[in-house]
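Asks: Build the 3D model from these lines:
(2 chains)
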Amino acid sequence: MEKLSEDHAMVAEAAAGFLAQNHPVAAFRALRDSGAPLGYDRAIVGQMAGMGWMGVVLPEDLGGVNFGHRAAGLIAGAMGRNLTAAPFLSTAVIGASVLKHAGGPVAESWGPKLAAGEAVVALAMEEGAKHRPDRIATEARREGDGFVLNGRKSFVVDGVGADRLIVVATLDDAPALFWVDPTAAGVTVVPQVLLDHRNAALVTFEGVGLDGAALIAGRENARAVLAAALAAGRAVTAAEQLGVARAAAEATFDYLRTRKQFGMLIGSFQALQHRAADLYCAIEQTDSLAAAALNALDQGADEGEALSRAAKARAALVGRQATEEGVQMHGGIGMTDEMDLGLFMKRDRALSEFLGDAGHHTDWLLRQRGL
Amino acid sequence: MSDLETFRAATRDWLEANCPAEMRAPMGEDDICWGGRRFTFTSPAQKHWLEVMAARGWTVPGWPEPYGGAGLSGPEQKVLAEEMRRINARPPLQSFGIWMLGPALLAFGTEEQKRHYLPQIARGEIRWCQGYSEPGAGSDLASLQTKGVDRGDHFEVSGQKIWTSYADKADWIFCLVRTEPEASKHTGISFLLFDMESEGVSTRPIRLISGASPFCETFFDNVKVPRDQIVGERGQGWTIAKYLLTHEREMIGGSDVALFAKSDLLGDAVAAIGLDDAGRLDDPVLRADLGRFIVDEMAFDAHMGMARDLLRRGDELGARSAELKYLGTELNKRRQSLRMAAGGADDLVWDGPANDAGQAARDWLRSKGNSIEGGTSEVMLGILAKAVLKLPG
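Replies: All right, here's what the predicted structure looks like:
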């Protein structure tokens, strides 16, 4: 429903055109079948950088194009539609947001590399099955001018092949963010492939020695830097998930228009029409919510955090509705690997857990309102 | 300063100087100014507020000046709405004339009709009701049977309407009448305007489960309607009716109008149920339901915001108004059900000093009609399936 600005409309058009042409669902399927360990083709990072996308939220002095969160959401939406695999959320959104908000020498040297597609970074935050950014057991202690890091991270999305990890750890009983080279002594990266064929590493840190410059945000700003990066990550993830939901829904609406049973098109059955229309409404209003969240983040509005959480929660619900209804309305064929629906369903499930599920963010919204 | 900033500053100053303090408070159902010949103002301030706003064309700010509006652009209307919200200014006038008939007349009326009827609506002089549904024509509205026989200088209208909102309080009616009995269902209908004081018109309020009677049965017994009171051509009524329903659905779906009582659902729940030791609502299952509701409410508010922006830019929502109507009314039903669940036994009070004489229960019961009136949720989903998703008939 949103009336896009001219600039945003151009980004949306470029993303839709480029990805449908070069990285459509068929390309993702081929990538999966090839067993590529990264889950993406490293060449895509350079291509996306060439479009300005890897520096989409970075300011110009850090090598970015500063198109903002709404633009990042439009790119992510097109990626969701096409199931385009690339370290966009990890690097261009979350990693870049951390650097932007943390500032300092690491941001100055690495921001331009991220924007140029020369580096991939991953957020090493989660430690259990569910998103709990406030419960971090990974610990850093001071030693000389530097630190020693110990802990265990899971669900490190794009952690395989990452050039640097942003590690959330506790330092002096307060949260801190460290910039860590995964090839450093004491770091073990165990590759894993998720159901959506993206990589998510298990990473352990055993007495990892870090120099003083590795601390990119500490007691005074780590909470705020992480909060801003997570808000950006959530809102853009919601946009990608909506792209997935739209693609699944459109495939299903197409099927309703062409599949015949009982001598008629099944889309003429009212039971299916109403479910399809309800799904359409759910997608549309969630799309407006995600757009509102992204716009609020661009405007630095107070409600950006709450909107990003609501968008993340609502996108998970609508993604599930779209993919489940899609399989059900397709019938048996929807269960086959040959159809793309299963690929959408798997990506949707992974995005629902990434950066917190619907329940997690709904709980936050309730607490914010005194419940 | 840009033109818009100048406009904002001038608007702010004017509202500050002219909006009475009493009109800057939250509004209950009884505080709505509906206008009309028989309307009794609740206070001199309410009357004054209507008069000064109407004089400025700001009861219908987007309508052209000759028709009682101010001819404001979309962005200017947005500024006015924002500035009014800023000081909690009440809408000076609400009416079916503004929401429904006005847009239809602007699109389909003759120049004379626009100059005659629209300023009366803008000034709140004439209160309109809508003669659409009939006992045998609910969701299947186009099967309506009220007939209008051509008698040369007038149509003779006979039949019955039902669910006519506030027919007993309205001055005039816009009414769908079958004037071409030989034509097909959709092409035999005309759109007539007539005075509810005409000979042969009678109304009977219908008592609802909420105890209120906002709707009426309306009877027409050989009512004479002068020929120049037809809008559009003979047989064009269905086209006009659909256009008007689009505006009605935008309104029922939410729009700028506080049609749904927005009680403090969460605050009331905390007051009634209390918090547990961890500071959470002491009813985990209701808390989860409320959580799902607030997420959906945020989504709907965002969606309405986008829709309002589109409308202010002069875009039309078309069939997509059905999506707002469906989402908004279903959401309000959930809101009212949750409010009752939070209130528990206290909100069962119907008569008595507690709980505002059963307001929660009455709102809850009234909300059941939201997904029926103006086209049922099922009709909305059918429209979306066909017009937007292009599913086969």
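Asks: Mind telling me what element residue 291 is part of?
Replies: If you meant another chain, say so; for now it's chain A. helix A:270-299 (DSSP states H and E).
Asks: look at chain B instead
Replies: Counting by DSSP H and E, residue B:291 is part of helix B:284-312.
Asks: Are the next helix or strand after that helix and chain A in contact anywhere?
Replies: Toward the C-terminus, helix B:284-312 is succeeded by helix B:321-343 as the next helix or strand (DSSP H and E). Yes: for helix B:321-343, a contact with chain A is found by CB under 8 Å from any CB of the partner chain, at B:323, B:326, B:327. In short, each C-beta sits where N, CA and C put it, glycine included.
Asks: between helix B:321-343 and helix A:270-299, how many degrees?
Replies: Using axes from the mean of the first three to the mean of the last three CA atoms, to 10 degrees, the inter-axis angle of helix B:321-343 relative to helix A:270-299 is 80 degrees.
Asks: what packs against helix B:321-343?
Replies: Helix B:321-343 sits against helix A:270-299, helix B:237-253, helix B:265-273, helix B:284-312, helix B:355-367, helix B:377-383, with contacts defined as 3 or more CB pairs under 8 Å, 6 or more residues apart in numbering or on different chains; DSSP states H and E.
Asks: Next, count neighbours for the residue in the stretch 51-200 of chain B positioned nearest to chain A.
Replies: Chain A sits closest to residue B:74 of the stretch 51-200 of chain B, with a gap of 10.7 Å, by CB to the nearest CB. Here the count is done by other CB atoms under 10 Å in any protein chain shown, and residue B:74 has 16 residues near it.
Asks: Now do the contacts for it.
Replies: B:62, B:311, B:312, B:313, B:314 (CB atoms under 8 Å, 6 or more residues apart in numbering or on different chains).
Asks: Quick one: buried ones out of these?
Replies: B:62, B:311, B:312 (16 or more other CB atoms under 10 Å in any protein chain shown).
Asks: these two touch, right, residue A:74 and residue A:8?
Replies: Yes: judged on CB atoms under 8 Å, residue A:74 makes contact with residue A:8 at a distance of 6.2 Å.
Asks: now residue B:201, which residues is it bridged with?
Replies: Assessed by DSSP bridges, residue B:201 has beta-bridge partners residue B:220.
Asks: Assign the spatially closest residue to residue B:166 that is not a sequence neighbour to helix, strand or coil.
Replies: Using CB to CB, 6 or more residues apart in numbering or on different chains and skipping residues adjacent in sequence, the residue nearest residue B:166 is residue B:129, 5.6 Å away. Following DSSP: H, G, I helix; E, B strand; the rest coil, the label given to residue B:129 is strand.
Asks: Pretty sure residue B:129 sits against residue B:165.
Replies: Yes: counting by CB under 8 Å, residue B:129 touches residue B:165, with 6.0 Å between them.
Asks: which residues are common contacts for these two?
Replies: residue B:96.
Asks: re the thing from before, could you check the pLDDT of the residue nearest to residue B:166?
Replies: Per-residue confidence at residue B:129 stands at 96 (pLDDT).
Asks: What residues does it make contact with?
Replies: Neighbours of residue B:129 in contact, by CB under 8 Å, 6+ apart: B:96, B:164, B:165, B:166, B:167, B:169, B:170, B:172, B:173, B:174, B:196, B:218.
Asks: again, only using 6 Å
Replies: B:164, B:166, B:167, B:170, B:173 (CB atoms under 6 Å, 6 or more residues apart in numbering or on different chains).
Asks: Buried residues, the helix holding residue B:291. List them.
Replies: For helix B:284-312, by 16+ other CB under 10 Å, it's B:286-287, B:290-312.
Asks: Ok, stretch B:144-152 next?
Replies: For stretch B:144-152, by 16+ other CB under 10 Å, it's B:144, B:146, B:147, B:148.
Asks: Please name every helix or strand in contact with the helix or strand hosting the last one.
Replies: In this structure, residue B:148 is located in strand B:147-150 according to DSSP H and E. Counting contacts by 3 or more CB pairs under 6 Å, 6 or more residues apart in numbering or on different chains; DSSP states H and E, strand B:147-150 packs against strand B:154-165.
Asks: re earlier: off-centre distance for the helix holding residue A:291?
Replies: Put simply, helix A:270-299 sits 19 Å off its chain's centre (CA atoms, centre = their mean, to the nearest Å).
Asks: can you map out the helices along chain A?
Replies: Using DSSP state H, the helices found in chain A span residues A:6-22, A:25-34, A:43-50, A:69-82, A:96-102, A:104-115, A:222-258, A:270-299, A:304-330, A:341-353, A:358-368.
Asks: Kindly reformat the ones you listed as CSV and extend each row with mean neighbour count.
Replies: Listed next are the helices of chain A as CSV, based on neighbours: other CB atoms under 10 Å in any protein chain shown:
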stretch, mean neighbour count
helix A:6-22, 16
helix A:25-34, 16
helix A:43-50, 18
helix A:69-82, 28
helix A:96-102, 25
helix A:104-115, 19
helix A:222-258, 24
helix A:270-299, 24
helix A:304-330, 25
helix A:341-353, 22
helix A:358-368, 19
